[in-house]
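>>> just to be clear, the model below is a prediction. Sequence and coordinates:
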There are 2 protein chains.
Amino acid sequence: MKNVTSSEIIICGHTYDEYIEMIKAFHGHVAPGMVIGGFMVDLAYHNLPQGEFFDAICETRACLPDAIQLLTPCTVGNGWLRIIDLGRFALSLYEKYTGDGVRVYVDSRKLDNWPEIKTFLFKLKPKKEQDSEALITEMNLACTSILGVQKVTINLNAIKSSRRDTFSVCPSCGEGYPKNDGETCLGCQGEAPYLHSEIPGLQED
Amino acid sequence: MKNVTSSEIIICGHTYDEYIEMIKAFHGHVAPGMVIGGFMVDLAYHNLPQGEFFDAICETRACLPDAIQLLTPCTVGNGWLRIIDLGRFALSLYEKYTGDGVRVYVDSRKLDNWPEIKTFLFKLKPKKEQDSEALITEMNLACTSILGVQKVTINLNAIKSSRRDTFSVCPSCGEGYPKNDGETCLGCQGEAPYLHSEIPGLQED
């Protein structure tokens, strides 16, 4: 393992300290998952196949999507980042027309020398009992050495959605919704997370 | 309807032009959904009930999550923004302990005077045939007048997840995964979007 101090670390063109400030501004706090996520995105960039337009897949909802959103052009809202929540701390960047890409994951076989990282990733202790300072120090020492890289080809048909092709007004709630979802919107089919809602009078024009 | 010029518009404390620059930097391009999304988040903020900690729900994956991520502390990765993809262009901000909150949606009954906005939201024409300049102009004139506001109470039990309580090593791929997902991870249960993957040799330490 190389002995890298944080001042020598470059993450997608940013110094380590710059990246930490970016995390604070966007994510709110310096979560360990954001630190390791920065190393993961950087490693993916260094292993990209040829191509011009790269989209992203993130296999977890925890932290890692924000590292991708901060360090690549891919966001949830612009559709270039797709979260497929397999519960694995892993991401892929892939050429959007061919599906050829690279996947970066945490290699659990390499964690034995890094007890704090292992404790964090496998939730071996409650968060409050974890030593977050020691954890971040371990992460900065470990850098990319705990990660694995794979070539992958994405099944583009499996992730393509034609759901939003046509929209209609839901006869139940009166809002626009994708017609393919059925005779009413999914919200009115019982998937809305609301116990109750009331319309207190629409706001003034 | 008030006649508001874009120079008078304030979106969550930002001038209109500042918000447009924020969109470009994060979302990549000035998507109409980001413009209307800015008005929606601002309207939600102005109608928040009492409380200290607000989380967000977004009912679509399209654009709106990025407006929330730019204008509130809630992101996908920090867990304060949850996307429940009902296909409706709507969002809720709610107090995280009580579930009391406010929902902002596009009121389709108010779109008749705004043909470009209606065409955009209901995809009445292919995107290439839409007049994006006229659309943004209409949005800036319409501001919040096409939106509706509802008080809501979120079903906190329905959106709570205990899936990530314990982690294990997947015997198939060797990666960490939430034990509750089964004997192997969801990826190895067939939910991974990869046609094939190969391990080209793990990178050097």
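Arrived safely, thanks for sending. Numbering: from 1, shown residues only, chains lettered A, B, ... in the order given.
>>> so A:D55, which state does it fall into?
The local conformation at A:D55, judged by DSSP: H, G, I helix; E, B strand; the rest coil, is strand.
>>> residues in contact with it?
A:D55 sits next to A:C74, A:W80, A:L81, A:R82, A:L93, A:Y94, A:K96 when contact means CB atoms under 8 Å, 6 or more residues apart in numbering or on different chains. Where C-beta positions appear, they are placed from N, C-alpha and C, glycine not excepted.
>>> tell me, which of those make contact with chain B?
Near chain B, taking CB under 8 Å from any CB of the partner chain as the test, the members of the contacts of A:D55 found are A:W80.
>>> using JSON lines, please lay out the contacts of A:D55 together with neighbour count and secondary structure.
What follows is the contacts of A:D55, written out as JSON lines (neighbours: other CB atoms under 10 Å in any protein chain shown; DSSP: H, G, I helix; E, B strand; the rest coil):
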{"residue": "A:C74", "neighbour count": "22", "secondary structure": "coil"}
{"residue": "A:W80", "neighbour count": "20", "secondary structure": "coil"}
{"residue": "A:L81", "neighbour count": "23", "secondary structure": "strand"}
{"residue": "A:R82", "neighbour count": "18", "secondary structure": "strand"}
{"residue": "A:L93", "neighbour count": "26", "secondary structure": "strand"}
{"residue": "A:Y94", "neighbour count": "27", "secondary structure": "strand"}
{"residue": "A:K96", "neighbour count": "16", "secondary structure": "coil"}
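>>> out of the contacts of A:D55, which is nearest to A:M139?
A:L93 (21.0 Å; CB to CB).
>>> now render the contacts of A:D55 as CSV, adding pLDDT and distance to A:F54.
Converted to CSV, the contacts of A:D55 look like this (pLDDT from 0 to 100; distance: CB to CB, whole Å):
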residue, pLDDT, distance to A:F54
A:C74, 98, 8
A:W80, 96, 8
A:L81, 97, 11
A:R82, 96, 12
A:L93, 97, 5
A:Y94, 97, 6
A:K96, 93, 7
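>>> from the centroid of chain A, which residue is nearest?
For chain A, the residue nearest the mean C-alpha position is A:P65 (1.7 Å; CA atoms, centre = their mean).
>>> ok, that residue - contacts?
Per CB under 8 Å, 6+ apart, neighbours of A:P65: A:C58, A:V76, A:L81, A:I83, B:T75, B:V76, B:G77.
>>> any idea which element it lies in?
If you go by DSSP states H and E, A:P65 is part of helix A:64-71.
>>> ok, A:I11 - contacts?
A:Y19, A:G38, A:F39, A:V41, A:D42, A:L71.
>>> give me the domain ranges for chain A.
A:6-159, A:163-199 (automatic domain parsing).
>>> what's the most buried one of these?
domain A:6-159 (a mean of 19; mean count of other CB atoms under 10 Å in any protein chain shown).
>>> chain B versus A:I68, what's the distance?
8 Å (CB to the nearest CB, to the nearest Å).
>>> tell me the pLDDT at the residue lying closest to that residue once chain neighbours are set aside?
Closest residue to A:I68 apart from its sequence neighbours, by CB to CB, 6 or more residues apart in numbering or on different chains: A:A56 at 5.1 Å. The model reports A:A56 with a pLDDT of 97.
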